[in-house]
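In: Let's see this in three dimensions:
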Amino acid sequence: MHRGGYIYIMTNLHRNVLYIGVTSDLKKRVEEHRNHIYKNSFTDRYNLVYLIYYEGFNNIKEAIERETQVKNWSRKKKEAIINIKNPEKLDLYDEIMNDVFRLL
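Out: Predicted structure coming up:
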């Protein structure tokens, strides 16, 4: 796992809502989303519990810069990066929990 930071994209069952976040601890953060730790947050309200994309960075500053960049993209461009790495929009939870990271 990267020590610096990650950007990640969470979605709901129907894959029609996207949330882009940044964290230094991807496993912990995804667990928080899945367990609805932050009540009434955007991810809680829209049940965004499926991790469909992530990128690792050497430091958190790079991750924050990338998060800002991706958040400003159109929905179409966000879908394009997801489709390159995860065209079926599968939940990548097991992948990160087992430390079987693909190069994204």
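In: how far out from the middle of the chain is the worst-scoring helix or strand of the chain on mean pLDDT?
Out: Ranked by mean pLDDT, DSSP states H and E, the weakest helix or strand in the chain is helix 93-97, scoring a mean of 91. Offset of helix 93-97 from its chain centre (CA atoms, centre = their mean, to the nearest Å): 12 Å.
In: I'd like to know which elements it is packed against.
Out: helix 26-34, strand 50-57 (3 or more CB pairs under 8 Å, 6 or more residues apart in numbering; DSSP states H and E). C-beta coordinates here come from the backbone N, C-alpha and C atoms, glycine included.
In: Parallel or antiparallel, list what pairs with the last one.
Out: Right, strand 50-57. strand 5-11 (antiparallel) (DSSP bridges).
In: moving C-terminal of the strand it pairs with, what's the next helix or strand?
Out: strand 18-23 (DSSP states H and E).
In: That next one to strand 50-57, inter-axis angle?
Out: 40 degrees (axes from the mean of the first three to the mean of the last three CA atoms, to 10 degrees).
In: Show me what strand 18-23 is packed against.
Out: Looks like strand 18-23 contacts strand 5-11, helix 60-71, helix 75-85 (3+ CB pairs under 8 Å, 6+ apart).
In: Now with 6 Å, please.
Out: With contacts taken as 3 or more CB pairs under 6 Å, 6 or more residues apart in numbering; DSSP states H and E, strand 18-23 sits against strand 5-11, helix 60-71.
In: Would you mind saying which of those lies nearest Asp94?
Out: strand 5-11 (14.8 Å; CB to CB).
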